[in-house]
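>>> Just need the structure, nothing else, for what follows:
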Amino acid sequence: VNSSFSLQVIVWGDCSSSETSVTPDEPPVIRPCSSILDVGDSATAVSFCPILCPGNSYLLAVGLESGQVLLYKWGPSEEPAGASDWTRYGETDSSQSHSLTVKRLRWRPRAGQAGQGGEEEGRGEGSVTAAGSSWVQLASAGADHSVKIFNINRLAV
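Here you go, the predicted structure:
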């Protein structure tokens, strides 16, 4: 077991609201913007989806040393220290997980499903077209030399 990985995930950044004016000479203050997310296993890869979910929330994929991929929704809040800003959305089961450590996670940079006959085609109930697609795709690469692609309905979060 490699103990250099953490069981916890924290979002860091400039958490000041857009209403707060920062002078050009003053650098932004980088600090924790989220509460601590305990994923229960060593986190080996993380990636935020570039397309926002409803309510201006973010979809985060966390790859684990066990080969599993977890999905969480995170919504910024004014008081992250005590807030419940994380919501667990889903996880891969044993048949979908890697057999070894997740090494890398990467979201498709635009909405929709590649290889599904074009961006204009609907994908059943709840789907919309082009940039407003309800579907996003996540690729995961594992130490088992496999790459897996997951289709996720971001509007169901």
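
>>> drop to CA atoms for contacts and neighbour counts, all remaining ones
Fine.

>>> Which other helices and strands does the longest strand seen in the chain contact?
The residue-count maximum for a strand in the chain (DSSP state E) belongs to strand 37-48. Of the remaining helices and strands, those touching strand 37-48 by 3 or more C-alpha pairs under 8 Å, 6 or more residues apart in numbering; DSSP states H and E are strand 6-9, strand 58-64, strand 102-107.

>>> let's see 10 Å
Strand 37-48 sits against strand 6-9, strand 58-64, strand 69-74, strand 86-91, strand 102-107, strand 135-142, with contacts defined as 3 or more C-alpha pairs under 10 Å, 6 or more residues apart in numbering; DSSP states H and E.

>>> Report the buried residues of the fourth one.
In this case it means strand 86-91. 86, 91 (16 or more other C-alpha atoms under 10 Å).

>>> The first one now?
Along strand 6-9, the positions that meet the burial threshold by neighbour count (16+ other C-alpha under 10 Å) are 7, 9.

>>> Give me the contact list for it.
34-44, 46, 62, 64 (C-alpha atoms under 10 Å, 6 or more residues apart in numbering).

>>> let's see it at 7 Å
For strand 6-9, contacts defined as C-alpha atoms under 7 Å, 6 or more residues apart in numbering pick out 36-43.

>>> pLDDT weak spots in the protein?
1-5, 16-24, 78-83, 116-132 (pLDDT under 70).

>>> Go ahead and flag the most central residue of this protein.
For the chain, the residue nearest the mean C-alpha position is residue 60 (1.5 Å; C-alpha atoms, centre = their mean).

>>> Specify the local secondary structure of the most far-flung residue of the chain relative to its centre.
Computed with C-alpha atoms, centre = their mean, the maximum C-alpha offset from the centroid of the chain is found at residue 25, amounting to 32.9 Å. Recorded secondary structure, residue 25: coil (DSSP: H, G, I helix; E, B strand; the rest coil).

>>> which ones are touching it?
Counting by C-alpha under 7 Å, 6+ apart, residue 25 has no contacts.

>>> repeat for residue 104
For residue 104, the contact set (C-alpha under 7 Å, 6+ apart) comprises 45, 140-142.

>>> Ok, residue 143 next?
When contacts are counted by C-alpha under 7 Å, 6+ apart, residue 143 touches 100-103.

>>> Over to residue 57?
Per C-alpha under 7 Å, 6+ apart, neighbours of residue 57: 73-75.

>>> Count the neighbours of residue 71 for me.
21 (other C-alpha atoms under 10 Å).

>>> in stretch 58-66, what counts as buried?
Quick answer for stretch 58-66 (16+ other C-alpha under 10 Å): 58-66.
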